[in-house]
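Engineer: Next input, structure requested:
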Amino acid sequence: MISAFFDDPSSLTTVLFGVALIAIALASALHALLNKKDSVSALGWVTFCLVLPLIGPVFYLVFGINRIMAAAKDSYHPALVTDSDKQFIDPAQTDFRAYAAVGQMVTASGLHSCDDLQVLENGECSFPAMLADIASAKKKIYLTTYIFQNDEIGQNFYESLCAAQARGVDVRLLLDGLGGIAYPPTLWRKLRRSELNMRYFNPITLLPPSLHINLRNHRKILVVDGKIAYTGGQNITDRHNIDKPNNPKCARDLHFRLTGKIVDDLERAFLRDWYHRVDDLDEAEFSPSNESRSESAIWTRLILDGPNEHLDKLNEVLLGVFSAAHKQIWIMTPYFLPGPVLIGALQAASLRGVDVRIFLPERTNIHLAHYAAQHTLPHLLDKDLTIYLQPPPFIHTKAILVDDCYSLIGSANLDPRSLRLNFELGVEVFSHEFASRIADYFDVCQKSARRITSENSVTLSLPIRIRNAVAWLFSPYL
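Structural biologist: Numbering: from 1, shown residues only. Model (predicted):
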């Protein structure tokens, strides 16, 4: 009987195929069990692989294994650009130690002083200031942005950068490899023909194949002569000029002009990204232009976050600071798809009497992200979180205010793409006076916003709710 079985090749092939399927299914299930951090996700993939031993492992191989961090570390080898200047742990005559300790533990970095920090609302304020500083530059101009469009503002920046380089200024322009070409009208052809010192961050190429769609540099940095820096949420585009006629896709936003030691931190951040693309370690030098002042009224910490880092730094900082809050947590972001841990931290703060307010646009400029956010709103309202929807024009501002001394500004949204997939930056600002200015901005926005509750929220039809739920399934990649 046994010899007859082995004499039949088709039976032997069937058995070997079945054994291989079972082995692959078991191996996939074991990998999910040992590597997934969330028990619900682990249980789902284990069940999927065991119940469907052919399809399950294939889907797990394609969608279940997180290659983002490994790919980022393989593709991102920035030169070591260091600064040995003194850091402050607990500056004298300050009262924000409880908040500053969180970032110190997460980043292993102390605080640096900021001499001046200006709030620039929309392109009408930010672009003239940036162009004026570029025009007066004598030594160097470092600019990185996600989007650089070929419109009136983009043309003004392009011409200013070319003029600066022509007069001997060290101009370096770093554009994201996807954002720099995916938002028309782009400057791609003009930049390719020009002699401007420009690089693309993780460019998308077919030959050789480089398709890191998710490893995007979403940071916005402008450094002029090592003495002035800008950061925030604004790209180089007419869309941030909200007073411009016939500008239907305009976006309100904040940008910030900084001086002091924090400028060195932003310059180093730019250089790390730049030398990742230039790949010339011999030239990876950094000379600080500023010193921290112990008597500063504004203290800052730069937090660089991205899939190449060992921790989700911004997410960890937010969790810690939300836990330290005892008066208020006000959040403004265009895309709000937080994970359950962040939602739990906000709910816990609300339960202990903290004034938690979340300001969102009535509609985002990305349809899938809007649908996914609509799915999460009822769950947030059920947890008694206060949510305001802001009318058009679309608000692109990213700002967080905790109590009366802590603010977080920068490029990151509160969604998985920013907190997990993108290269982002955040600047912690410890200052009562600056926090007051950010609070005033929230107050102005609240006057035109509409608070939604479980009682007054719109009841959606079943097809719309299904659409929103399906979009929400893809929220880790929106």
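
Engineer: mind giving me the domain ranges of the protein?
Structural biologist: Domain segmentation of the chain under automatic domain parsing yields 15-65, 115-291, 313-477.

Engineer: Distance to Q104 added to the ones you listed, as JSON lines?
Structural biologist: To be clear about C-beta, it is placed using only N, CA and C from the backbone, and glycine gets the same treatment. Listed next are the domains of the chain as JSON lines, based on distance: least, Cβ to Cβ, whole Å:
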{"stretch": "domain 15-65", "distance to Q104": "25"}
{"stretch": "domain 115-291", "distance to Q104": "14"}
{"stretch": "domain 313-477", "distance to Q104": "10"}
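
Engineer: Lowest average confidence across those domains, which one?
Structural biologist: Lowest mean pLDDT within these: domain 15-65, a mean of 85.

Engineer: where's that one relative to the chain centroid, distance-wise?
Structural biologist: 31 Å (Cα atoms, centre = their mean, to the nearest Å).

Engineer: State the distance spanning the first to the last residue of that domain.
Structural biologist: With Cα to Cα, to the nearest Å applied, domain 15-65 spans 29 Å between its terminal residues.

Engineer: which residues sit in contact with the nearest residue in space to G110 that is not next to it in sequence?
Structural biologist: The shortest distance from G110 to any non-neighbouring residue, by Cβ to Cβ, 6 or more residues apart in numbering, is to Q87 (3.0 Å). Residues near Q87 by Cβ atoms under 8 Å, 6 or more residues apart in numbering: S109, G110, L111, H112, S292.

Engineer: For ChimeraX, write a command that selects the buried ones of those.
Structural biologist: Selection of buried members from these for ChimeraX, criterion 16 or more other Cβ atoms under 10 Å:
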select :110,111,112,292
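
Engineer: what helices or strands is the longest helix anywhere in the chain leaning on?
Structural biologist: Counting by DSSP state H, the longest helix found in the chain is helix 9-35. Applying 3 or more Cβ pairs under 8 Å, 6 or more residues apart in numbering; DSSP states H and E, one finds that helix 9-35 contacts helix 2-7, helix 39-51, helix 55-59.

Engineer: Quick one: those helices as CSV, columns for mean neighbour count and distance to F201 too.
Structural biologist: Below are those laid out as CSV (neighbours: other Cβ atoms under 10 Å; distance: least, Cβ to Cβ, whole Å):
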stretch, mean neighbour count, distance to F201
helix 2-7, 8, 59
helix 39-51, 16, 30
helix 55-59, 17, 31
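
Engineer: As a markdown table, those helices with distance to G123 would be great.
Structural biologist: Shown next, in a markdown table, are the helices and strands packed on helix 9-35 (distance: least, Cβ to Cβ, whole Å):
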| stretch | distance to G123 |
| --- | --- |
| helix 2-7 | 77 |
| helix 39-51 | 41 |
| helix 55-59 | 44 |
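
Engineer: Between the ones you listed, which one is closest to A324.
Structural biologist: In terms of Cβ to Cβ, the element of the helices and strands packed on helix 9-35 nearest to A324 is helix 39-51, at 28.0 Å.

Engineer: buried ones in the longest helix of the chain?
Structural biologist: Residues of helix 9-35 classed as buried: I24, A25, S28, A29, H31, A32 (neighbour count, 16+ other Cβ under 10 Å).

Engineer: Let me have those in a markdown table, extended by distance to I452.
Structural biologist: Below are the buried residues of helix 9-35 laid out as a markdown table (distance: Cβ to Cβ, whole Å):
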| residue | distance to I452 |
| --- | --- |
| I24 | 48 |
| A25 | 46 |
| S28 | 42 |
| A29 | 42 |
| H31 | 42 |
| A32 | 38 |
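
Engineer: What is the nearest of those residues to L380?
Structural biologist: Comparing the buried residues of helix 9-35 against L380 with Cβ to Cβ places A32 closest, at 29.3 Å.

Engineer: And the contacts of stretch 376-387?
Structural biologist: Residues outside stretch 376-387 that contact it (Cβ under 8 Å, 6+ apart): 336-337, 343, 346-347, 350, 355-358, 360, 451-454, 457, 472.

Engineer: Any figure for the gap between the nearest residue to R268 once chain neighbours are set aside and K138?
Structural biologist: Closest residue to R268 apart from its sequence neighbours, by Cβ to Cβ, 6+ apart: V81 at 5.0 Å. When distance is defined by Cβ to Cβ, to the nearest Å, V81 is 22 Å away from K138.

Engineer: closest to C125 out of the helices and strands packed on helix 9-35?
Structural biologist: Nearest to C125 among the helices and strands packed on helix 9-35 is helix 39-51 (44.2 Å), distances taken as Cβ to Cβ.

Engineer: Please work out which residues outside that closest one touch it.
Structural biologist: Contacts for helix 39-51 (Cβ under 8 Å, 6+ apart): A25, L26, S28, A29, A32, L33, K36, G56, P57, F59, Y60, G64.

Engineer: rerun at 6 Å
Structural biologist: By Cβ atoms under 6 Å, 6 or more residues apart in numbering, the surrounding residues in contact with helix 39-51 are A25, S28, A29, A32, L33, K36, G56, P57, Y60, G64.

Engineer: so which of the helices and strands packed on helix 9-35 comes closest to L414?
Structural biologist: Of all the helices and strands packed on helix 9-35, helix 39-51 comes closest under Cβ to Cβ, at 20.7 Å.

Engineer: Helix 9-35 and the closest one, what's the angle between them?
Structural biologist: Interaxial angle, helix 39-51 versus helix 9-35 (axes from the mean of the first three to the mean of the last three Cα atoms, to 10 degrees): 170 degrees.

Engineer: Now that N290 has come up, it's in contact with D264, right?
Structural biologist: Yes: between N290 and D264 there is a contact under Cβ atoms under 6 Å: 5.2 Å.

Engineer: Local confidence estimate at the residue nearest to G110?
Structural biologist: 87.

Engineer: residue ranges of the strands in the stretch 201-350 of the chain, please?
Structural biologist: Ranges of strands within the stretch 201-350 of the chain are 221-224, 228-232, 251-252, 254-259, 298-305, 328-332, based on DSSP state E, counting those that start in this stretch.
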